[in-house]
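Visitor: Sequence plus predicted model, see below.
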Amino acid sequence: MNNKLIDRVKKGFFEEFNSNPFLIFSPGRINIIGEHTDYNDGFVFPSAVDKGIVAAFEKSNSTSSKAIALDLDESFEFEVDSIAPQKEQLWANYILGVIDELKKKGNHIKNFNLVFSGDIPNGAGMSSSAALENSVVFGLNELFELGLSKEEMIFISQKAEHNYVGVQCGIMDQYASMFGLKDQALHLDCRSIEATPFKIDLGDYQLLLINTNVKHTLSESAYNNRREVCERISSLLKVTALRDVSELDLFAIKDKVSDEDFQKALFVIQENKRTIEASKAMTNGDLNRLGELIYASHHGLQHQYQVSCKELDFLVDVTRDKDYLLGARMMGGGFGGCTINLIKTSEINSFSQYIKEAYFHKFNIQCSIYDVTLSDGTHQL
Ligand code: GLA
C-alpha cells in the first residue's frame, strides 16, 4: 500500500474541506490471459494489484457536491439531483456515471465531497477507470448506507462506463478490482460471475509488466466495434454469446461473414479455450505451457483480433529468443499500455536494462517496467 498516496489524499481533503473523511482504496488489475473474452460470457484470469486509487468521502453540508482530482489539479462541482455526462472534464463521468446508475436503481444519495488520487500509470491498460468507479460506488455505499453487495456494485460501475464514459466494457476489470485477493489470481467465469482463486506461486519465475507508454487514439471506438462484431456473429449463430460455440460451429457460417470478422470470432473462441487451459497449466505448475498460451494469446490479439500496435508487438517480439522468458503478450483492451511477461526472476535486472535501451532505440520513447504484487480488492482503509 502506498502510504504517500494515502497521506496526499488526506492532506488534500483537509486543505479543501477542513475535516477528516473516510478513505477507500480500490486497485487496478493485471490479466494473465483471457483478453476480450469477458463480454463474450467467457473466462478471464485477472488479479488486483497494489497500485490503485485512494478516494476520500464525506457528506456535504451544502446543497452541492465537489469532486477533486488531485493528480490533474482539477475540481468539478455538481448537484447530485441534476447530473449529466460531461464533454470537457471527462474524468468526472466516472463519478457521475456511478451516481446516475445508483439513482436509477432507486438508491437515495445526497450531496457529498470527494478527493482522489492514484498511482496506476495513465493509459497502462491496468484499469484505472474500474478502480475509480469502484472506489466511488464503494464509498457512496458506505456513506449513504445503501446496503449493496459487492456484486451489485460492480455492475453499477460497469453500467457507469457504458452509459457515461461510452465504452461497452465487459465485467473483468470491475470484478478484479472489487474482488481481488492477495497473492491470488481469479479464474472468472464472466457468465456466472463465479471465480476460482489460484494462489500464484511461479517458483523461479514472476510476472513483469512493461509499459509502452503509448495510447493510440480511437481505442474506444475500436473496442466498441469489436464487441459489436462478436454480438453480430453470435446472433447469426443464434446463441447468446460466442462462449456458446465451437470452432466447428463458426466454420459452418464462414461464407456468411467477412474474413476479418470470422478471424475475430475465431480468436474469441480460441482465447476462451486458452484461458481454461491456462488454469490447468497453473494447477499442474506447467509454466512452459502457460507461457506458450500467453504467446498464442498475443498472436491472436495481433493478427486475428487486431487490437495490438507496433510498440506492443515489438516488446513481445524481442522476448521470443530469450529462454528465460516463457511468455509475453499485450494486456487489456489494446492499442497501447502494457505487455505482461512471464520471466525468470534472476534475469529481470539485465532484461530490463536491455529492453529499455532496445525500445528507446526503436521508438525514441522510454518504456516503464513494473513488478506485479497481487493484492486485495476494493476496501475501506
Ligand atoms: C478492457 C475492458 C475489459 C476487457 C478488456 C479486454 O480492459 O474494460 O472489460 O474487455 O479490455 O480483455
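Guide: Noted; the coordinates are in hand. None of these values were measured; they are calculated from a predicted model. Residues are numbered from 1 along each chain as shown.
Visitor: C-alpha only now, for contacts and for neighbours.
Guide: Fine.
Visitor: Do a quick rundown of the helices in the stretch 51-200 of the chain.
Guide: 92-104, 128-143, 150-160, 172-179 (DSSP state H, counting those that start in this stretch).
Visitor: Return the angle between stretch directions for the first one and helix 150-160.
Guide: Read that as helix 92-104. For helix 92-104 against helix 150-160, the angle by axes from the mean of the first three to the mean of the last three C-alpha atoms, to 10 degrees is 120 degrees.
Visitor: What angle do helix 128-143 and helix 92-104 make with each other?
Guide: Helix 92-104 and helix 128-143 are oriented at 40 degrees to each other (the same axes, to 10 degrees).
Visitor: Repeat that for the last one.
Guide: The directions of helix 172-179 and helix 128-143 differ by 40 degrees, with the same axes, to 10 degrees as the criterion.
Visitor: Could I have the CA atoms of helix 172-179 written out in PDB?
Guide: C-alpha atoms of helix 172-179 as PDB (Å, rounded to 0.1, in the frame of the first residue of the first chain):
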ATOM      1  CA  MET A 172     -13.400  -8.300 -15.900                       C
ATOM      2  CA  ASP A 173     -11.900  -5.000 -14.700                       C
ATOM      3  CA  GLN A 174     -14.600  -4.100 -12.200                       C
ATOM      4  CA  TYR A 175     -14.700  -7.700 -10.900                       C
ATOM      5  CA  ALA A 176     -10.900  -8.000 -10.400                       C
ATOM      6  CA  SER A 177     -10.700  -4.600  -8.800                       C
ATOM      7  CA  MET A 178     -13.500  -5.300  -6.300                       C
ATOM      8  CA  PHE A 179     -12.900  -9.000  -5.500                       C
END
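Visitor: if we can go back for a sec, which of the helices of the stretch 51-200 of the chain is buried the deepest?
Guide: Mean neighbour counts were compared across the helices of the stretch 51-200 of the chain using mean count of other C-alpha atoms under 10 Å; the top stretch is helix 172-179, at a mean of 30.
Visitor: Could you list every helix and strand in contact with that one?
Guide: Applying 3 or more C-alpha pairs under 8 Å, 6 or more residues apart in numbering; DSSP states H and E, one finds that helix 172-179 contacts strand 22-31, strand 46-59, helix 128-143, helix 150-160.
Visitor: In a markdown table: those, plus mean pLDDT.
Guide: Converted to a markdown table, the helices and strands packed on helix 172-179 look like this (pLDDT from 0 to 100):
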| stretch | mean pLDDT |
| --- | --- |
| strand 22-31 | 98 |
| strand 46-59 | 97 |
| helix 128-143 | 97 |
| helix 150-160 | 98 |
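Visitor: Mind putting these into JSON lines with distance to the ligand?
Guide: Converted to JSON lines, the helices and strands packed on helix 172-179 look like this (distance: least, C-alpha to the nearest ligand atom, whole Å):
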{"stretch": "strand 22-31", "distance to the ligand": "8"}
{"stretch": "strand 46-59", "distance to the ligand": "10"}
{"stretch": "helix 128-143", "distance to the ligand": "8"}
{"stretch": "helix 150-160", "distance to the ligand": "8"}
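Visitor: Tell me which of these sits nearest to Leu207.
Guide: Among the helices and strands packed on helix 172-179, strand 22-31 comes nearest to Leu207, with 9.7 Å by C-alpha to C-alpha.
Visitor: Pull the residues that contact the closest one.
Guide: 44-58, 120, 126-128, 130-132, 134-135, 138-139, 173, 176-178, 331-332, 375-381 (C-alpha atoms under 8 Å, 6 or more residues apart in numbering).
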